[in-house]
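K.L.:
Attaching a predicted model along with its sequence, questions to come.
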Amino acid sequence: MPTKSLTIREDSDVIIVDVNSDLGSYEAAELRRGLQELIGQEAEKIIVNLNGVQHINSTAVGALVGIAKRLRQKSGDLKVIGTADHIKRTFDLIGASRVLELYESEASALAGFK
Amino acid sequence: MPTKSLTIREDSDVIIVDVNSDLGSYEAAELRRGLQELIGQEAEKIIVNLNGVQHINSTAVGALVGIAKRLRQKSGDLKVIGTADHIKRTFDLIGASRVLELYESEASALAGFK
Amino acid sequence: MQEHIELKMPSRLLYVSSILAFARRLAQQIGFSQTRMNDITSVIDEVCSNAIEHGSPGATSEIDLTFLSNSSQLEVLVRDKGQEADNDWLTEGWVDEFIQGRTPGTERGHGIYLAKKLSDHMEMQPNSHGGINVSVTFALVVIPESVYHTV
Amino acid sequence: MQEHIELKMPSRLLYVSSILAFARRLAQQIGFSQTRMNDITSVIDEVCSNAIEHGSPGATSEIDLTFLSNSSQLEVLVRDKGQEADNDWLTEGWVDEFIQGRTPGTERGHGIYLAKKLSDHMEMQPNSHGGINVSVTFALVVIPESVYHTV
Ligand SMILES: Nc1ncnc2c1ncn2[C@@H]1O[C@H](COP(=O)(O)OP(=O)(O)O)[C@@H](O)[C@H]1O
Ligand SMILES: Nc1ncnc2c1ncn2[C@@H]1O[C@H](COP(=O)(O)OP(=O)(O)O)[C@@H](O)[C@H]1O
């Protein structure tokens, strides 16, 4: 991703990543690298906020599924915020919704960790 | 312009046109047609709001200059709101700023008619 | 009247988002709805990403796109050069089988399925370069709407 | 490494915004700043609009674009087919004179000036089709910045 496509915030022990560019395979590789780096730094609870994203492809959804699986193995988790219809539709069609729920808001995603 | 690129509002005897798409030569022709239609319906004071516009080309600036001249002939006027640096730069380079001031806000453009 | 646009790109994922920006705006200009613009973007992404990731022999390869539009549809053709000598395995039968064997919730293998689902018609065929020609079609239902939208 | 992109479009103003969406995103991916992306968009708009309005014999004509990029610049070439038999009048001298004769505040005749001003280099030359080849170049000054931007 060019510059400023990922913004990292913290809310107590949860790391929130805001994505500000569309996610194709190129950007997915960068998102994956970024999230793996966070996991390398002992992050266990991560929220990825897709509300700045208009388009996500199957590889990027797969990257999020992969990161979620990895975090769950170390009893952490990944929660994804996504409210746009097209994002929901993509998750549903791929079947990612079965393993990765889309949260409506930051509050509900944070509550998911409680 | 495809749909919904122009929105028309009124503020007493002033008609405010919000432009919501970039303005190239194709869109300039539609904007010109739209403004001419308003003039045909006896509009004399028109504000064109370019705050929803990222890019404007020389033909579109020319169209606004032409409409302003036409309105001034019938003692009306055209005021343009534009705050983006690139819009200002384009107006300056073309020399349109000399005949068509760019207003910073709707309030100041409205005040320009007083 | 049939309109014809040709785009020849280096086979690099970096450039896919530029293709998508073009295609999205083109779809809008042709008259597709916002929802359909999103679908078209997704389909072209999956097909181009496949052409680059699976269908290109090396970093210096190219992909070719053609956009064909008329008053009733947009067809997008994506051609790659192929990674191996031949792609004869890529028959309609294989594609159907692959899609049926898909496991929802897994990380990869959803691209062709998504492209089939979100387009009105999709065809994949081996070409003479040893690569694949993919054709995806979107039917155009134009809802006439005036230029003005007064609130 | 020189990257090469080719785009062949019907000569219609309707499609210019799709070209601009492509070019803007490409410029971003290559590493241009927001300001420079805006300038590149303006220059390509003026050059393409001229190719369509002044350089195309009819509605069924075409314009060809080439984007050439390397680590130090982006060059965009726009070729049209020409409206009249020859464009020999279009010499550097004519362009300079035209630009000097420009009247600020008038409605037309600012496109070439704007394109010259906002590009680092611009050249116009008659081509063998009876049309014009325009080349505009933008120097690339890459400011390295990390992927992450923590607030
Ligand atoms: N253009 C192509 N050239 C060669 N093989 C392809 C092409 N497109 C798809 N394939 C094959 O089809 C498989 C499924 O593709 P897809 O459903 O998009 O999932 P993914 O790309 O995640 O593997 C690919 O793994 C690849 O083997
Ligand atoms: N591609 C072209 N082919 C032929 N003539 C051209 C071309 N581009 C520009 N011109 C000539 O140069 C003139 C100035 O162009 P420009 O500065 O863009 O202003 P405008 O397009 O508003 O007239 C045009 O009116 C036209 O006569």
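P.N.:
Great, that's in hand. Here the structure is a predicted model, which is why all the values come from computation and not from measurement. Ligands and ions are numbered 1, 2, ... in the order given.

K.L.:
quick one: low-confidence ranges for the chain?
P.N.:
I went with chain A, as the question did not name one. Along chain A, segments meeting pLDDT under 70 span A:1-4.

K.L.:
Actually, chain C is the one I wanted.
P.N.:
Residue ranges of chain C with pLDDT under 70: C:84-88, C:142-151.

K.L.:
any idea which residue sits dead centre in it?
P.N.:
Centroid-nearest residue in chain C, with C-alpha atoms, centre = their mean: residue C:44, separated by 3.2 Å.

K.L.:
ok and the residue in chain C nearest ligand 2?
P.N.:
Going by C-beta to the nearest ligand atom, ligand 2 is nearest to residue C:5 of chain C, at 19.6 Å. Bear in mind the C-beta positions are built from the backbone N, C-alpha and C, glycine included.

K.L.:
For the residue nearest to the centre of chain C, give its distance to chain B.
P.N.:
19 Å (C-beta to the nearest C-beta, to the nearest Å).

K.L.:
before we move on, which element is the nearest residue to that residue once chain neighbours are set aside in?
P.N.:
Of all residues not flanking residue C:44 in the chain, residue C:23 sits nearest, at 5.0 Å (C-beta to C-beta, 6 or more residues apart in numbering or on different chains). Assigned by DSSP states H and E, residue C:23 falls within helix C:16-30.

K.L.:
That helix vs helix D:16-30, what angle?
P.N.:
Relative orientation of helix C:16-30 versus helix D:16-30 (axes from the mean of the first three to the mean of the last three C-alpha atoms, to 10 degrees): 170 degrees.

K.L.:
how about the strands in chain C?
P.N.:
Secondary structure of chain C, counting by DSSP state E: strands at C:3-10, C:62-69, C:73-79, C:121-126, C:132-139, C:148-150.

K.L.:
Now look at the first one and say if it contacts chain B.
P.N.:
Same thing as strand C:3-10. No: contact of strand C:3-10 with chain B (C-beta under 8 Å from any C-beta of the partner chain) is absent, the minimum separation being 14.5 Å.

K.L.:
returning to that earlier point: right, and the residue nearest to residue C:44 touches residue C:67 too?
P.N.:
Yes: with contact defined as C-beta atoms under 8 Å, residue C:23 and residue C:67 form a contacting pair (7.4 Å).

K.L.:
so what's in contact with those two at the same time?
P.N.:
residue C:76 (C-beta atoms under 8 Å, 6 or more residues apart in numbering or on different chains).

K.L.:
more neighbours, these two?
P.N.:
More neighbours surround residue C:23 than the other of residue C:23 and residue C:67, with 26 against 22 (other C-beta atoms under 10 Å in any protein chain shown).

K.L.:
show me what contacts the residue most central in space within chain A?
P.N.:
Centrality entry for chain A: nearest residue to the mean C-alpha point is residue A:48, 3.2 Å, by C-alpha atoms, centre = their mean. Residues near residue A:48 by C-beta under 8 Å, 6+ apart: A:17, A:19, A:31, A:35, A:64, A:78, A:79, A:80, A:81.

K.L.:
Mark which of these are part of strands, please.
P.N.:
A:17, A:19, A:78, A:79, A:80, A:81.

K.L.:
could you list every residue that touches the third one?
P.N.:
With C-beta under 8 Å, 6+ apart as the criterion, the residues that contact residue A:78 are A:35, A:46, A:47, A:48, A:64, A:67, A:68, A:71, A:100.

K.L.:
Now do the SS call for the fourth one.
P.N.:
Under the three-state scheme (DSSP: H, G, I helix; E, B strand; the rest coil), residue A:48 adopts strand.

K.L.:
Can you tell me how far it is from ligand 2?
P.N.:
Relative to ligand 2, residue A:48 is positioned 46 Å away (C-beta to the nearest ligand atom, to the nearest Å).

K.L.:
next one: the second one
P.N.:
Counting by C-beta to the nearest ligand atom, the gap from residue A:46 to ligand 2 is 52 Å.

K.L.:
what about that residue, neighbour count?
P.N.:
So residue A:46, with other C-beta under 10 Å, has 23 neighbours.

K.L.:
cool, and residue C:59?
P.N.:
9.

K.L.:
go on, residue A:27?
P.N.:
As a burial measure, residue A:27 scores 27 neighbours (other C-beta under 10 Å).

K.L.:
Check which helices and strands the lengthiest helix in chain C is in contact with.
P.N.:
The residue-count maximum for a helix in chain C (DSSP state H) belongs to helix C:34-53. In terms of contacts (3 or more C-beta pairs under 8 Å, 6 or more residues apart in numbering or on different chains; DSSP states H and E), helix C:34-53 is packed against helix A:25-40, helix A:85-94, helix C:16-30, strand C:62-69, strand C:73-79, helix C:111-118, strand C:132-139.

K.L.:
Can you check which of the ones you listed gets nearest to residue D:17?
P.N.:
Smallest distance to residue D:17 across the helices and strands packed on helix C:34-53 (C-beta to C-beta): 5.6 Å, for helix C:16-30.

K.L.:
The closest one and ligand 1, any residue contact?
P.N.:
No: in terms of C-beta under 6 Å from any ligand atom, no part of helix C:16-30 sits within range of ligand 1; the closest distance is 12.9 Å.

K.L.:
For that helix, buried residues please.
P.N.:
The neighbour-count check on helix C:16-30 (16 or more other C-beta atoms under 10 Å in any protein chain shown) flags C:16-30 as buried.

K.L.:
which one of those sits closest to chain A?
P.N.:
Set against chain A, the nearest of these by C-beta to the nearest C-beta is residue C:16 (4.8 Å).

K.L.:
what's near enough to touch the closest one?
P.N.:
By C-beta under 8 Å, 6+ apart, the residues touching residue C:16 are A:24, A:25, A:26, C:45, C:48, C:49, C:52.

K.L.:
thought residue C:127 was touching residue C:134?
P.N.:
No: using C-beta under 8 Å, residue C:127 makes no contact with residue C:134, being 9.9 Å away.

K.L.:
Can you tell me how far the spatially closest residue to residue C:48 that is not a sequence neighbour is from chain B?
P.N.:
Nearest non-adjacent residue to residue C:48, counting by C-beta to C-beta, 6+ apart: residue C:16, 5.3 Å away. Distance of residue C:16 to chain B, computed by C-beta to the nearest C-beta: 22 Å.

K.L.:
try residue A:60
P.N.:
26 Å.

K.L.:
residue contacts, residue C:117?
P.N.:
Counting by C-beta under 8 Å, 6+ apart, residue C:117 has contacts residue A:93.

K.L.:
Kindly provide the distance from it to residue B:92.
P.N.:
Per C-beta to C-beta, to the nearest Å, residue C:117 is found 50 Å from residue B:92.

K.L.:
Same question for residue A:113.
P.N.:
From residue A:113 to residue B:92 the distance is 52 Å (C-beta to C-beta).

K.L.:
Comparing these two, which residue is more hemmed in?
P.N.:
Ranked by neighbour count (other C-beta under 10 Å), residue A:113 and residue B:92 place residue A:113 first, with 16 against 13.

K.L.:
To what extent is the closest residue in space to that one that isn't next to it in sequence buried, counted in neighbours?
P.N.:
Using C-beta to C-beta, 6+ apart and skipping the chain neighbours, the partner closest in space to residue A:113 is residue A:45 (5.3 Å). Neighbours of residue A:45 under the rule other C-beta under 10 Å: 20.

K.L.:
try residue C:121
P.N.:
12.

K.L.:
next one: residue C:106
P.N.:
Residues near residue C:106, counting by other C-beta under 10 Å: 16.

K.L.:
got a list of what it touches?
P.N.:
Shown in contact with residue C:106 (C-beta under 8 Å, 6+ apart): A:62, A:65.
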